[in-house]
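Asker: The sequence isn't on hand, but the structure is:
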């Protein structure tokens, strides 16, 4: 059987309800290595909460891109993402740039117990409006 290892859903206008409907299918893709959900429209919604809960079942996932989805640092979806990222044992690259994480969100990522293969050189948080952060804190 063919196994899906790369899924590019970038720029598909995926909304909260769209992501919620994708989550049951995504959670069965155990061979998926790369998931690109960049530049969609689901924000920090229940869809992101569902995706975050499904991430640990994606046991081969090495690269996750959530770039440009209007994800906010104190929204439930982001908090659920923070709770589940440490369980993504093979994750090596995380792209969260161009969201609404701000200083608080970036610092909460810093305090996260990261998966063993994810290092800070591979976490992209550009475009978060960090104007109030001191260089030492980030």
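Answerer: Received, thanks. As the structure is a prediction and not an experimental result, all values here were calculated from the model.
Asker: Let me see the backbone angles for residue 35.
Answerer: Phi and psi for residue 35, reported as degrees, to the nearest 10, are phi -130, psi 110.
Asker: Tell me how far residue 44 lies from residue 122.
Answerer: 22 Å (C-beta to C-beta, to the nearest Å). Every residue, glycine included, has its C-beta placed from N, CA and C.
Asker: cool, and residue 65?
Answerer: 12 Å.
Asker: Can you pull the residues that touch both of these two?
Answerer: residue 93 (C-beta atoms under 8 Å, 6 or more residues apart in numbering).
Asker: ok, residue 44 and residue 122, which is more surrounded?
Answerer: Legend: neighbour count by other C-beta atoms under 10 Å for residue 44 and residue 122, higher for residue 44 (25 against 15).
Asker: what's the single longest helix in the chain?
Answerer: What stands out as the longest helix in the chain, according to DSSP state H, is helix 16-26.
Asker: contact partners of that one?
Answerer: Residues external to helix 16-26 that are found in contact with it (C-beta under 8 Å, 6+ apart): 7, 9, 12, 14, 32, 35, 37, 40, 42-43, 45-48, 50-51, 53-54, 58.
Asker: Filter the residues you listed down to the ones in helices?
Answerer: Applying DSSP H to these, the entries found in helices are 46, 47, 48, 50, 51, 53, 54.
Asker: re the thing from before, from the contacts of helix 16-26, list the buried ones, please.
Answerer: Among the contacts of helix 16-26, those buried by neighbour count (16 or more other C-beta atoms under 10 Å) are 7, 9, 14, 32, 35, 37, 40, 42-43, 45-48, 50-51, 53-54, 58.
Asker: Tell me the gap between the helix-or-strand element of the chain with minimal mean pLDDT and the middle of its chain.
Answerer: Least confident helix or strand of the chain, by mean pLDDT, DSSP states H and E, is helix 102-110 with a mean of 78. The chain centroid and the centroid of helix 102-110 are separated by 14 Å under C-alpha atoms, centre = their mean, to the nearest Å.
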